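J.: Give me a 3D structure for the following:
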Amino acid sequence: MGLFTGLLTLPLAPVRGAAWVVQQVADEAERQADDQSQLRRQLLQLELDRDAGLIDDDDYERASDTVLDQIAQGHANAVVREESTSSLELGDG
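T.: So this is what the prediction gives:
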């Protein structure tokens with residue numbers, strides 16, 4: 001980008017920056033949705049394994065508690081991120 005073009009497009013820099021931030025947030029949300037789906041699949045597989053007799057109730061409880069903790073942590077992280085994004089949008093940040 002040349003000097004003249006850079007000077008002419010300088011007023012658009014905040015718009016480009018905001019668009020980049022929105023894209024990053026969208027990418028992260030998509031990644032987390034994939035993570036949450038994977039965790040839910042793991043939980044379902046644990047239930048199927050227990051019902052089929054492949055794991056006992058104690059193993060199921062331990063493993064499902066771990067997966068549920070990961071799901072809860074993902075939700076908590078999403079809430080924190082949403083609150084911080086909201087405060088940035090409002091200018092409180």
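
J.: and the strand or helix carrying residue 23, what other elements does it pack with?
T.: Remark: residue 23 resides in helix 13-51, with elements defined by DSSP states H and E. Helices and strands touching helix 13-51, by 3 or more CB pairs under 8 Å, 6 or more residues apart in numbering; DSSP states H and E, are helix 57-90. Any C-beta I mention is one placed from the backbone N, CA and C, and that applies to glycine too.

J.: circling back: sort out which residues of the helix holding residue 23 are buried, please.
T.: Neighbour-count burial for helix 13-51, counted by 16 or more other CB atoms under 10 Å, picks out 39, 42, 43, 46, 50.

J.: can you redo the residues you listed as a markdown table with pLDDT and distance to residue 16?
T.: Putting the buried residues of helix 13-51 into a markdown table (pLDDT from 0 to 100; distance: CB to CB, whole Å) gives the following:
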| residue | pLDDT | distance to residue 16 |
| --- | --- | --- |
| 39 | 89 | 35 |
| 42 | 91 | 39 |
| 43 | 92 | 41 |
| 46 | 94 | 45 |
| 50 | 95 | 52 |
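
J.: mind giving me JSON lines with those residues and columns for distance to residue 5?
T.: Supplementary listing: those in JSON lines, determined by distance: CB to CB, whole Å:
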{"residue": "39", "distance to residue 5": "47"}
{"residue": "42", "distance to residue 5": "51"}
{"residue": "43", "distance to residue 5": "53"}
{"residue": "46", "distance to residue 5": "57"}
{"residue": "50", "distance to residue 5": "63"}
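
J.: what two of these are the furthest from one another?
T.: Using CB to CB, these span at most 16.8 Å, a distance reached by 39 and 50.

J.: My guess is residue 39 contacts residue 67. True?
T.: Yes. With contacts defined as CB atoms under 8 Å, residue 39 counts as touching residue 67 at a distance of 5.5 Å.

J.: Excluding chain neighbours, give the residue nearest to residue 74 in space.
T.: residue 36 (5.6 Å; CB to CB, 6 or more residues apart in numbering).

J.: residue closest to the middle of the chain?
T.: residue 32 (3.0 Å; CA atoms, centre = their mean).
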